[in-house]
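Asker: got a structure for you, letters missing:
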C-alpha cells in the first residue's frame, strides 16, 4: 500500500524543488537588476523634470526635493501625487507638480507641469495616457509639439483663456479630437489654481517622498 | 540535417505559431501598431521560448508525467519574470511602451504549447532550435503586421526605433508619406484583426500556388516529396 503514497511524496518534493529553483532564479535576476532599474527610473524622472523646469533656473537636485500633495478636487486623483521643488541659492523658485486629467477620451491622462513664482508655465509633459493613437496621442511630445505651446504662458489674471479655442480659450484643439485637449487644458488650469492657492505651503513642506533624501 | 531543416520550415512557415497555430493572438493583435513594438515583443517572446524549450528539454527525463504541467508553468513564469526584469533594467523605454504585454508573454500559449508538444519529447539541441525557429516565425508575423499597420496608419516605418535600440536609432525612422489624419482603422485593434486575416489568406494562397505547381515537378522528384513526409 505504501506504493500509493510514494509517488505522491516524490512528486510533491520534486515540485517543491522546482519551485525553489525557479524562485531562486528570479531572486537572483532581481538582485542583479535592482540597482540598474532604480537608476533607470531616476534617470527617466530627471529627464522629465529637466523638461518642465529648465536646469539653469535651479541649483538643487530636483528629485531629492520631492513632496507628496493631496488634492482630489484640483489634481484629479484620490491619492497623493508627487511634486518637486526647485531652489536657487536656498530660495524656492519653481515647482513641478504632477496632475491627472481624469476625463480623457480613454481614461486618465497623467501629466507634469512646471510653474515658477510668477505663475508662468515653464513646461508641460505627458507622463502616461491611453488616448487614441493618431488622434488623442498628440499630447505626446514624440508625436506633436502641441504641449510646448503651454511653455511661457502666464496663468494669473488670464484664467479665462485657459481653455481650448472651441470653448473660447487660447489653446488649439487638434484635428478630430476635442475631448483630449479639453481635458488636458482643464487639468493644467486646475493644477495651476492649486499652486497659486498653496504656493507658500508647498514651499514650506518637508520632503515626504520615500528615499533620496540626504 | 534534414531534421533541422524540417524544424525550421515548421516554425517559420508550415506550422507558424502566428499564422497556422494561431497562438498568442492577444499580444499579436495588441502591440503590432508599430514595427518597433512588434520587434520588441517578438524578441522578448523568442528569448522566453528558447529558454523555456531548453530548460524543459533538460528536465524532461526527471519530471514525471503527472506534474509536468505545473513544472512547465513554473519554468515559464520564472523566465518571463527574468526577461521582464532585464528589459526593465536595460531597455527602459521599451519596457514602458510594451507595458502590460511583457508580463503577459507568460500567457502566450505558444510557449507552453511548444514545451508540451516538442521540448518535452526532444533533445536539447533540437528543442533549442525549435524555440528559435518558432520564435522567429512569431516575430516575423508580428513585424509584417506591425509594418503594414504602421505604414497604413501613420505613414512611417520604424517610428520610435530609438526606444528599442537607443538614441542613434532615431535615424532609422522612415517617413514614407505624410498623413495628416491617420488611418485609424489600421491603428486600432480591428485593423489588426483584418490585417491578420489578410496575412493568413496570403499564406494560404501561396501554399495553394505551391501545391498547384507541384505535380509538374513530381515526375522528376517523387522521392524528394516522400523524404519530407518521412522525416
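Answerer: That came through fine. Computed from a prediction, not measured in an experiment: that's the story for all the values here.
Asker: And chain A, split by domain according to the record?
Answerer: Domain ranges of chain A: A:1-51, A:53-204, per automatic domain parsing.
Asker: Adding mean neighbour count as columns, could you present the ones you listed in JSON lines?
Answerer: Where C-beta positions appear, they are placed from N, C-alpha and C, glycine not excepted. As requested, those are arranged in JSON lines below (neighbours: other C-beta atoms under 10 Å in any protein chain shown):
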{"stretch": "domain A:1-51", "mean neighbour count": "13"}
{"stretch": "domain A:53-204", "mean neighbour count": "18"}
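Asker: could these be laid out in CSV, adding mean pLDDT and distance to chain B?
Answerer: CSV is the format used below for those (pLDDT from 0 to 100; distance: least, C-beta to the nearest C-beta, whole Å):
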stretch, mean pLDDT, distance to chain B
domain A:1-51, 87, 4
domain A:53-204, 86, 3
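Asker: quick one, phi psi at the residue lying closest to residue A:150 once chain neighbours are set aside?
Answerer: Distances taken as C-beta to C-beta, 6 or more residues apart in numbering or on different chains put residue A:124 closest to residue A:150, at 4.3 Å, once the chain neighbours are dropped. Its backbone dihedrals place residue A:124 at phi -130, psi 140, with angles given as degrees, to the nearest 10.
Asker: What residues are bridge-paired with residue A:124?
Answerer: Applying DSSP bridges to residue A:124 gives these bridge partners: residue A:113.
Asker: Relative to residue B:58, which of the domains of chain A is closest?
Answerer: Nearest of the domains of chain A to residue B:58, taken as C-beta to C-beta: domain A:1-51 at 11.4 Å.
Asker: And that closest one, how far out from the chain middle?
Answerer: Using C-alpha atoms, centre = their mean, to the nearest Å, the mean C-alpha position of domain A:1-51 is found 29 Å from that of the whole chain.
Asker: now do stretch B:3-20
Answerer: Taking C-alpha atoms, centre = their mean, one finds the center of stretch B:3-20 at 11 Å from the center of the full chain.
Asker: one step back: which residues are in contact with the residue nearest to residue A:150?
Answerer: Shown here is residue A:124, whose contacts under the criterion C-beta atoms under 8 Å, 6 or more residues apart in numbering or on different chains are A:52, A:111, A:112, A:113, A:114, A:147, A:150, A:151, A:188.
Asker: What's the separation between the second one and residue A:137?
Answerer: When distances are taken as C-beta to C-beta, to the nearest Å, residue A:111 and residue A:137 turn out to be 13 Å apart.
Asker: for the third one, same thing?
Answerer: Look at residue A:112 and residue A:137: by C-beta to C-beta, they are 17 Å apart.
Asker: And the strands in chain B?
Answerer: For chain B, the strands defined by DSSP state E cover B:156-157, B:174-175.
Asker: do the same with chain A
Answerer: The residue ranges that make up the strands of chain A, judged by DSSP E, are A:66-69, A:81-88, A:91-104, A:107-116, A:121-128.
Asker: which residues touch the second one?
Answerer: I take that to be strand A:81-88. For strand A:81-88, with C-beta under 8 Å, 6+ apart as the criterion, the contacting residues are A:49, A:53, A:57-60, A:62-63, A:65-70, A:75, A:92-100, A:114, A:202-203, A:209.
Asker: excluding its backbone neighbours, what's nearest residue A:202?
Answerer: Nearest one to residue A:202, counting by C-beta to C-beta, 6+ apart, is residue A:95 at 6.0 Å.
Asker: got a list of what that neighbour touches?
Answerer: Counting by C-beta under 8 Å, 6+ apart, residue A:95 makes contact with A:83, A:84, A:85, A:86, A:114, A:115, A:195, A:199, A:202, A:203.
Asker: Looking at those, which is nearest residue B:206?
Answerer: For these, with residue B:206 as the reference and C-beta to C-beta as the criterion, the closest is residue A:114, at 55.2 Å.
Asker: quick one: contacts for the closest one?
Answerer: Each residue near residue A:114 by C-beta under 8 Å, 6+ apart is listed here: A:49, A:52, A:53, A:86, A:94, A:95, A:96, A:121, A:122, A:123, A:124.
Asker: how does it look with 10 Å?
Answerer: When contacts are counted by C-beta atoms under 10 Å, 6 or more residues apart in numbering or on different chains, residue A:114 is found next to A:48-54, A:57, A:62, A:84, A:86, A:94-97, A:120-125, A:150-151.
Asker: With residue A:26 instead?
Answerer: With C-beta under 10 Å, 6+ apart as the criterion, the residues that contact residue A:26 are B:77, B:78, B:79, B:80, B:81, B:82, B:84, B:85.
Asker: can you redo those as TSV with neighbour count, distance to chain A and pLDDT?
Answerer: Supplementary listing: the contacts of residue A:26 in TSV, determined by neighbours: other C-beta atoms under 10 Å in any protein chain shown; distance: C-beta to the nearest C-beta, whole Å; pLDDT from 0 to 100:
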residue	neighbour count	distance to chain A	pLDDT
B:77	15	7	92
B:78	24	4	93
B:79	25	8	92
B:80	25	10	92
B:81	18	5	92
B:82	21	4	92
B:84	21	9	90
B:85	20	5	91
